[in-house]
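Q: structure for this input, please:
(one chain, ligands or ions: 1)
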Amino acid sequence: MEIAMSIPSAEEQLKFITNIQRILDEGSFVATYKFALLMSLADYAIKSGNDSADHCQLTTHDIAESFVEYYWRQAIPYAHHKGTVRVLKQGTGLQPVVISRIIELHQQFQGSLAAVRKNHRVWRTLLSKVASTIGQMPLWKLQMVGRTFIPFLYDQHGSGNLINLKHGVVFCFRRFYDLIRNLVQSTWIRHVRMLNVEIIGESDLAEFLFGSERSVLPGLRAMLRDIQANECFYCNTQLREGGDIDHFVPWSRYPLDLGHNFVLAHATCNRSKRAFLAAPCHLENWCKRNQLHGNILRQEFDTLRINHNLEATEKIVVWLYSQAEVSGASLWLRKDDVTPIDLSWRNILVV
Ligand SMILES: [Zn+2]
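A: Predicted coordinates for the structure are as follows:
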């Protein structure tokens, strides 16, 4: 395959971003499905694609899981300071059907998506329902702006579940993931605020809708402390306090809550690392840990009902480091010390 042929020109890339912006600014939003769809497509491009992917065919089933994940955390009842507690509305009128179902499952499975996944019958039924709803609803409306149809993401073949991503779409989603996520999230937040104006006010909706889910994981902390011999993952000195559960891939770079992304670190190391990717020495330790303690990690994640998929996690890590390489980013070495990225990460991870 001629890789060079498949990379969209600078002009095409700009057009792509402009069209995303148009969808968000001018599209009509009865429900928030289109936002979840757009993000699910972007996530699919990260997890399954590569920069040279040209045309790419998938079905609504392939993105149903990601679609569910977006709504899962948003199906937690929102507590207003004046005492109202309810799940936020995601559409005008009644709660959209997929979200109603997710709310029911949220209650039935005490908020554990991992538990739903383990119940194969319920999980499969949910994914089928979501896949067919995506096909009926947002898939064929996403590319409408006002009365104009701008099919820049995929072609429309009547109503159906097949998606043929167009030339350059996977590349652009991968290149501009951060930007697109910020655009979609801020528009999504604006719409949810509008739909729930009576209970939201000025509170921090962003953290509620898209923040991290690491909150109550005491078992995870104990397990990580064991594996790390009570030492900070980054500086290898003793953890005196409990230590912070840190996302190895920073949450702000990619919202990755799969088990292998967690390490235990000093609060100071964690704060200093912030949104940086870790330097190759840390990346190497992370890979070694996943290999050395692979079985324990898998078992404990299952027991703690933490979703995990090492292969998917590594794909995301590879993507993030290749993006960092393209943009010449700095990597975090230790407190107050960063280092420019070079090619050495490629020897650690199989690219
Ligand atoms: Zn430390």
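Q: for the ion, what are the nearby residues on the chain?
A: The chain has residues 232, 234, 235, 266, 269 near the ion, with proximity defined as CB under 5 Å from the ion. From N, CA and C alone the C-beta is placed, and that goes for glycine too.
Q: quick one: secondary structure of the residue nearest the centre of the chain?
A: By CA atoms, centre = their mean, the mean C-alpha position of the chain lies nearest to residue 255, the distance being 4.2 Å. The assignment at residue 255 comes out as coil when based on DSSP: H, G, I helix; E, B strand; the rest coil.
Q: any idea how far residue 57 is from residue 166?
A: Note on residue 57: its distance to residue 166, by CB to CB, to the nearest Å, is 11 Å.
Q: so for those two, which sits in the more crowded spot?
A: With other CB atoms under 10 Å as the criterion, residue 57 and residue 166 differ in neighbour count, and residue 166 comes out ahead with 17 against 10.
Q: quick check: phi and psi on the closest residue in space to the more buried one that isn't next to it in sequence?
A: In space, residue 166 comes closest to residue 154 once its chain neighbours are excluded; the distance is 6.1 Å by CB to CB, 6 or more residues apart in numbering. Dihedral pair for residue 154: phi -150, psi 160, per degrees, to the nearest 10.
Q: residue 154 - how many residues pack around it?
A: Residue 154 has 20 neighbours, counted by other CB under 10 Å.
Q: quick one: pLDDT of it?
A: In the predicted model, residue 154 carries a pLDDT score of 93.
Q: right, and it touches residue 167 too?
A: No - between residue 154 and residue 167 there is no contact under CB atoms under 8 Å: 10.8 Å.
Q: residues touching the residue nearest to residue 166, list them.
A: Residues near residue 154 by CB atoms under 8 Å, 6 or more residues apart in numbering: 143, 163, 164, 165, 166, 169.
Q: for the protein, what are the low-confidence residue spans?
A: Counting by pLDDT under 70, the chain contains low-confidence residues at 1-5, 53-54, 81-83, 156-159, 201-203, 212-216, 351.
Q: quick check: domain ranges of it?
A: Split into domains by automatic domain parsing, the chain comes to 3-210, 218-348.
Q: which stretches of the stretch 1-150 of the chain form helices?
A: Assigned by DSSP state H, counting those that start in this stretch, the helices in the stretch 1-150 of the chain fall at 3-6, 10-26, 33-48, 60-74, 97-108, 113-118, 120-136.
Q: which of the ones you listed sits most buried?
A: helix 33-48 (a mean of 23; mean count of other CB atoms under 10 Å).
Q: tell me which of the contacts of residue 154 fall in strands.
A: Residues of those located in strands (DSSP state E): 163, 164, 165.
Q: out of those residues, which comes closest to the ion?
A: Of all the ones in strands among the contacts of residue 154, the one sitting nearest the ion is residue 165; the distance, using CB to the ion, is 42.1 Å.
Q: how much space separates the residue of the stretch 51-200 of the chain found nearest the ion from residue 49?
A: Going by CB to the ion, the ion is nearest to residue 178 of the stretch 51-200 of the chain, at 26.9 Å. The span separating residue 178 from residue 49 equals 16 Å under the rule CB to CB.
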